[in-house]
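**Student:** Here is my input, please return the structure:
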Amino acid sequence: MTDARSRLMTLTERRGTNLSALSRMLGTNVAYLQQYVRRGTPRVLPDRHRATLAAFFGVGEEELGGAAAPSAMMLPRLDVFASAGPGALVDTETLIGTEAIDPALARTLDLKPGMAAIVRVRGDSMEPGLLDGDHIVVDRADTLPGPRGAVYVIRQGDALMVKRVARTSSGLIATSDNPAAAPVSDEPIVVIGRVVWQMRRWR
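**Tutor:** Okay, here's the model as predicted:
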């Protein structure tokens, strides 16, 4: 008996049920799971059946022969904030904790381990897209703005800011999304990383 089949039997006994009852729960004939355990038919449980059984027993699908669930990506939360106003002076980037994000989201955002961080936004110059107090995920592997532009965390002198940055024939240009914001300084721009996700509490 394979580990998955043996584990199914153990879970069934602990739950005080039987394979016939579980088979009916799956919407199959009453001998379905008995054949799976004793005869190896089917060789592997279909995804929908395995997911239903795992949810019923309160275990991970890997215990019943499924692939292990990918672990969450842990991102550092830094003790800095990217000002969406005139710019905040930053002396240190101290780690104050970590936050887990869903592995599927990390894959969608194409985040690389060790190359992303969470920082807080202050100010209103990037409204309505980014509000004061928002937390943003910054991809530090993406530091090359294109001509169409995107939102990046940048450094100008000692000021750390979040701005829309585009590459032009004359170099990088940073602008604010809020038309009422003050113009951005023409100091040289150092790109820290692209803003790829926004984390906001309900207001």
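
**Student:** Follow the chain on from the lowest-mean-pLDDT helix or strand in the chain and name the next helix or strand.
**Tutor:** When each helix and strand of the chain is scored by mean pLDDT, DSSP states H and E, strand 88-89 comes last, with a mean of 76. Later in the chain than strand 88-89, the nearest helix or strand by DSSP states H and E is strand 95-101.

**Student:** list the buried ones in that next one?
**Tutor:** residue 101 (16 or more other CB atoms under 10 Å). Quick note: C-beta positions are derived from backbone N, CA and C, even for glycine.

**Student:** Who are the contact partners of residue 79?
**Tutor:** Residue 79 makes contact with 92, 93, 94, 95, 96 under the criterion CB atoms under 8 Å, 6 or more residues apart in numbering.

**Student:** if we go to 7 Å?
**Tutor:** Counting by CB atoms under 7 Å, 6 or more residues apart in numbering, residue 79 touches 93, 94, 96.

**Student:** ok, now residue 68?
**Tutor:** With contacts defined as CB under 7 Å, 6+ apart, residue 68 is in contact with residue 62.

**Student:** Adjust the sequence numbering to begin at 21 for everything that follows.
**Tutor:** From this message on, residue numbering opens at 21, which makes the last subject residue 88.

**Student:** Same question for it, what's its three-state structure.
**Tutor:** The three-state label given to residue 88 by DSSP: H, G, I helix; E, B strand; the rest coil is coil.

**Student:** Just the pLDDT at it, thanks.
**Tutor:** In the prediction, the pLDDT value recorded for residue 88 is 72.

**Student:** ok so, going back, return the member of the contacts of residue 99 nearest to residue 209.
**Tutor:** Checking those against residue 209 by CB to CB gives residue 113 as the nearest, at 18.2 Å.

**Student:** Number of residues surrounding that closest one?
**Tutor:** 13 (other CB atoms under 10 Å).

**Student:** So which residues of the chain form helices?
**Tutor:** Secondary structure of the chain, counting by DSSP state H: helices at 23-35, 39-45, 52-58, 67-77, 123-128.

**Student:** ok so, going back, where does confidence bottom out across the contacts of residue 99?
**Tutor:** By pLDDT, residue 113 ranks lowest within the contacts of residue 99, coming in at 76.

**Student:** circling back: pick the one among the contacts of residue 99 closest to residue 65.
**Tutor:** Checking the contacts of residue 99 against residue 65 by CB to CB gives residue 116 as the nearest, at 43.9 Å.

**Student:** Report the residue ranges of every domain in this structure.
**Tutor:** Domain segmentation of the chain under automatic domain parsing yields 23-84, 93-219.

**Student:** Count the neighbours of the closest residue to residue 208 other than its chain neighbours for me.
**Tutor:** Closest residue to residue 208 apart from its sequence neighbours, by CB to CB, 6 or more residues apart in numbering: residue 176 at 7.1 Å. Residues within reach of residue 176, counting by other CB under 10 Å, total 17.

**Student:** is it true that residue 176 touches residue 207?
**Tutor:** Yes: counting by CB atoms under 7 Å, residue 176 touches residue 207, with 4.3 Å between them.

**Student:** Report the strands that pair with the least confident helix or strand of the chain, each with its relative direction.
**Tutor:** Paired with strand 108-109 in the same sheet, following DSSP bridges, are strand 179-188 (antiparallel).
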